[in-house]
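Colleague: this one's sequence-less:
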């Protein structure tokens, strides 16, 4: 799954230093890195061996599909659904169609979701799978997720409160100033919450692309959130641009302790 060249981003992101900023819990932490896939997992038991198998399995599905359908990797536009494809591929195609982006915009969220859901189906009671800032979460209690927004003064100062009733849930982030993923916008963070982590990932890319600072930060954030409101299947979204923050949908923001 080789991707086009991306510009270098700040060292703090490339070394995943934001992973240091989580509450200590009774969950067991493991890390799995296989080529571009870089998972940080917190689970109710040690899942490293099985999660590694799953990452290899799902990556192979994507790589094999790309061999037969090269446009799946290259396009920035939605592709038709393929009902003969594996479920993970179908989920990425559907997410791309709903968000109006290429299916690879959903790859990180899709892998996090499918690894997490498979482990839950196999008996893991609680799990958080984070893949480059895209999160699949299944917990039996309310949780808060901090928003990392690069150099914005709001970075790590605000978060999202996620009630237990919303689980399982996906929380995905796109940025034009942080990270390696392709974005045509200038948002410090475009965060989307959805039941489907693949969809949250694709929509985060789409609304991040809408942030044009030529409009001014406030109008750029408003335009991105208006676009989010047109996409079915998401619970809500947050966009941060410098010191401007806007939110849409069923989003509960919380102030985080310094």
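Modeller: Noted; the coordinates are in hand. Treat the numbers as computed from the prediction; the structure is a model and nothing was measured.

Colleague: and the closest residue to residue 104 other than its chain neighbours, how far from residue 62?
Modeller: Of all residues not flanking residue 104 in the chain, residue 73 sits nearest, at 6.0 Å (C-beta to C-beta, 6 or more residues apart in numbering). Every C-beta, even on glycine, is put in place using the N, C-alpha and C of the backbone. Distance of residue 73 to residue 62, computed by C-beta to C-beta, to the nearest Å: 9 Å.

Colleague: the more surrounded of those two?
Modeller: residue 62 (22 against 19; other C-beta atoms under 10 Å).

Colleague: quick check on the more buried one: phi, psi?
Modeller: phi -70, psi -50 (degrees, to the nearest 10).

Colleague: likewise for residue 101?
Modeller: Torsion angles, degrees, to the nearest 10, at residue 101: phi -140, psi 170.

Colleague: ok, now which ones touch residue 87?
Modeller: residue 114 (C-beta atoms under 8 Å, 6 or more residues apart in numbering).

Colleague: nearest spatial neighbour of residue 153, chain-adjacent residues omitted?
Modeller: That would be residue 243: by C-beta to C-beta, 6+ apart, it lies 5.4 Å from residue 153.

Colleague: re earlier: does the residue nearest to residue 104 touch residue 66 like I think?
Modeller: Yes: the pair residue 73 / residue 66 is scored as a contact, 4.7 Å apart, by C-beta atoms under 8 Å.

Colleague: can you map out the helices along the stretch 151-258 of the chain?
Modeller: 197-209, 217-229 (DSSP state H, counting those that start in this stretch).

Colleague: quick one: distance of stretch 122-130 to the chain centre.
Modeller: Distance of stretch 122-130 from the chain centroid (C-alpha atoms, centre = their mean, to the nearest Å) equals 17 Å.

Colleague: buried sites along that stretch?
Modeller: 124, 126-130 (16 or more other C-beta atoms under 10 Å).

Colleague: for the protein, which residues score under the pLDDT cut-off?
Modeller: 1-25, 176-185, 258 (pLDDT under 70).

Colleague: you'd agree residue 188 is up against residue 242?
Modeller: Yes: under the criterion of C-beta under 8 Å, residue 188 makes contact with residue 242 at 6.8 Å.
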